[in-house]
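>>> The following comprises the amino acid sequence and a computationally predicted model.
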Amino acid sequence: MHEKLSSIYDNVLRRNPGETEFHQAVREVLESIGPVLGKHPEYAESKIIERICEPERQIIFRVPWTDDRGEVQINRGFRVEFNSALGPYKGGLRFHPSVYLGIVKFLGFEQIFKNGLTGLPIGGGKGGSDFDPKGRSDREVMRFCQSFMTELYRHIGEYTDVPAGDIGVGGREIGYLFGQYKRITNRYESGVITGKGLAYGGAQVRTEATGYGCAFFVDEMLKARGTSFDGRRVAVSGSGNVAVYTIEKIEQLGGRVVACSDSSGYVLDEKGIDLDLLKQIKQVERGRLDVYAERRGDNATFVAGRSVWEVPCEVAMPSATQNEITGRDAAVMVGNGCIAVGEGANMPTTPEGIKVFLEAGVAFGPGKAANAGGVATSALEMQQNASRDSWTFEFSEHRLEEIMRDIHDRCLQTADEYGMPGDYVAGANIDGFRRVADAMLALGLI
Ligand code: NDP
Ligand code: 2IT
């Protein structure tokens, strides 16, 4: 790492003790932007990087609620408003027992550059809670969401901070959150949250956008190497929102997805994942993945407690969570003939894993670029809400495809410009950083 950046990084470690995921996310960006400082001394002179590493505002709050047995439960809520140079803070809410400040800050930090890469007017933020929706009734989830919003409402707004979904926060939760916001404020402020249902101000394609966008991104990477998804064997991790729509689009693009997972294990289905069955189990019944194999019969096997990355594949689409592909996993995957990786999840590959992929010449699409279709379509939802309009599915999908192609091309061009051809990690970090840094410079000392 560049000497100046190394001292900035040491300071980040000192000022944010114990937040290992945040340290990891900062390190990855700082490792990429050394060459930019050579060309642009003004960034270092005005301490842009030190400022970017410090959130504009961090909110931590108590979330009390009552479970179905009448017992009082207490969770912790977070919203980190990281950077508003490009637009209102924008980023999802994650409800998962592992959530703590270090996770929210890593996600918020990534979001700044991802949102910059989209070219749309959105700043970076993230939030969530250590609440675990798994096994909770709809009523419990509603009471939790209402309590969460009873504090969060005073910090957000269509021009201030616009949350959306992430792990554990989907259409059901967004509905309860928006309902409570509307009730408390007595305002039908549609643009305050995205990922809304189509019945009340949601946008076509937002549900599908992250997965579809990631598939489009990988399709572009494959095309850039003169190949395609056609007939390729693909493995996907996770079986939530991002995973399901990644599978759907890859199947439309001619790939064969043979495996997906959840936190209990993975299913292997050589004939190709039956998407209707998967959606029924995961989206309707909110069930576990072993049920998929049971109902699918002889076609599929469920492998409990193991990583999906042991399944040989040509294209890998990690779509579950952070640090799920280790250096060892990556080496096995490369040995099995993996030629492309599209990060649907945020930071799913460890630094050691990324190194293995890049050294092996794998087309590696980092999350900031590859999964930006979700937040980009959130920005399109905000645009439709602001103009009280709603676009067709076809038009919205076409916009998403254009945005993903543009992000892909800019990553490649930027990597070329800095003498690292084909390195999408460097391209994404540098392009995202430059956009935010230039806006910050223009706005004075913010
Ligand atoms: P969902 O809650 O819909 O699905 C998450 C999936 O990942 C589930 O299958 C879940 O399994 C699995 N998973 C979650 N945590 C773990 C864990 N610690 N270990 C193993 N498996 C785990 O979330 P999304 O699909 O929305 O999000 C998936 C990833 O994509 C996250 O990294 C998120 O940050 C990222 N992302 C999401 C966007 C969106 O628009 N939703 C946009 C961009 C990125 P189980 O049910 O068993 O917990
Ligand atoms: O990580 C992400 O980009 C998201 N969870 C989506 C954020 C959004 O505001 O749509």
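Looks like it arrived, so ask away. Numbering: from 1, shown residues only. Ligands and ions are numbered 1, 2, ... in the order given.
>>> from here on, contacts and neighbour counts on C-alpha atoms
OK.
>>> Quick one: the helices in the stretch 251-400 of the chain, in order.
If DSSP state H, counting those that start in this stretch is used as the criterion, the helices of the stretch 251-400 of the chain fall at 275-279, 290-296, 327-335, 351-359, 367-370, 372-386, 393-417.
>>> can you list the weak-confidence ranges in the stretch 101-250 of the chain?
Scanning the stretch 101-250 of the chain for pLDDT under 70 picks out nothing.
>>> can you map out the strands along this protein?
Secondary structure of the chain (DSSP state E): strands located at 57-66, 72-83, 89-95, 124-129, 161-164, 233-236, 256-262, 265-269, 300-304, 315-317, 340-342, 363-365.
>>> chain center to the second one, what's the gap?
Yep, that's strand 72-83 we're talking about. Relative to the chain's own centre, strand 72-83 is displaced by 18 Å; criterion: Cα atoms, centre = their mean, to the nearest Å.
>>> That strand - contacts with which helices or strands?
When contacts are defined as 3 or more Cα pairs under 8 Å, 6 or more residues apart in numbering; DSSP states H and E, strand 72-83 packs onto strand 57-66, strand 89-95, helix 101-118, strand 124-129.
>>> Quick one: neighbours of the residue in the stretch 151-300 of the chain that ligand 2 sits nearest to, just the number.
Using Cα to the nearest ligand atom, the single residue of the stretch 151-300 of the chain nearest to ligand 2 is Asp166, 4.1 Å away. Summarising burial for Asp166: neighbours were counted as other Cα atoms under 10 Å, giving 22.
>>> For it, list each beta-bridge partner.
Asp166 forms beta bridges with Val169, as assigned by DSSP bridges.
>>> Tell me the residues of the chain that contact ligand 2?
For the chain, the residues in contact with ligand 2 (Cα under 6 Å from any ligand atom) are Lys90, Gly91, Gly92, Pro163, Ala164, Gly165, Asp166, Ala372, Gly374, Val375, Ser378.
>>> can you list those in CSV and add distance to Glu42?
Listed next are those as CSV, based on distance: Cα to Cα, whole Å:
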residue, distance to Glu42
Lys90, 27
Gly91, 29
Gly92, 32
Pro163, 32
Ala164, 34
Gly165, 36
Asp166, 36
Ala372, 28
Gly374, 32
Val375, 30
Ser378, 33
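>>> So the residue nearest to Gly201 when sequence neighbours are not counted versus Glu417, what's the distance?
In space, not counting the residues next to it along the chain, Gly201 is nearest to Ser190; the distance is 6.2 Å by Cα to Cα, 6 or more residues apart in numbering. Taken as Cα to Cα, to the nearest Å, the spacing of Ser190 relative to Glu417 amounts to 41 Å.
>>> what about the two, which has more around it?
Taking other Cα under 10 Å, Ser190 and Glu417 do not tie; Ser190 has more neighbours (21 against 11).
>>> wait, which of the helices of the stretch 251-400 of the chain is closest to ligand 1?
Go through the helices of the stretch 251-400 of the chain one by one with Cα to the nearest ligand atom and the one that ends up closest to ligand 1 is helix 372-386, at 4.5 Å.
>>> which strands and helices sit next to the closest one?
Taking 3+ Cα pairs under 8 Å, 6+ apart as the contact definition, the neighbouring helices and strands of helix 372-386 are helix 101-118, helix 206-224, helix 393-417.
>>> Show me which positions of the longest one end up buried.
Taking 16 or more other Cα atoms under 10 Å as the neighbour-count basis, helix 393-417 is seen to contain the buried residues 396-397, 399-401, 403-416.
>>> hmm, who's touching that helix?
Counting by Cα atoms under 8 Å, 6 or more residues apart in numbering, the neighbours of helix 393-417 from elsewhere in the structure are 117-118, 204-205, 209, 213, 216-217, 220-221, 369-370, 372-373, 376-377, 421-428, 430-431.
>>> which of those residues come close to ligand 1?
Checked against ligand 1 using Cα under 6 Å from any ligand atom, the contacts of helix 393-417 give no members in range.
>>> Show me just the buried residues among those.
Listed as buried from the contacts of helix 393-417 are 117-118, 204-205, 209, 213, 216-217, 220-221, 369-370, 372-373, 376-377, 422-428, 430-431; burial here means 16+ other Cα under 10 Å.
>>> Just give me the neighbour total for Tyr89.
30.
>>> Apologies, that question was intended for Pro312.
By other Cα under 10 Å, 20 other residues sit near Pro312.
>>> Quick one: residues contacting it.
Ala235, Met333, Asn336, Gly337, Cys338.
>>> Taking the stretch 51-200 of the chain, what residue is nearest to ligand 1?
Counting by Cα to the nearest ligand atom, the stretch 51-200 of the chain gets nearest ligand 1 through Ile167, at 3.4 Å.
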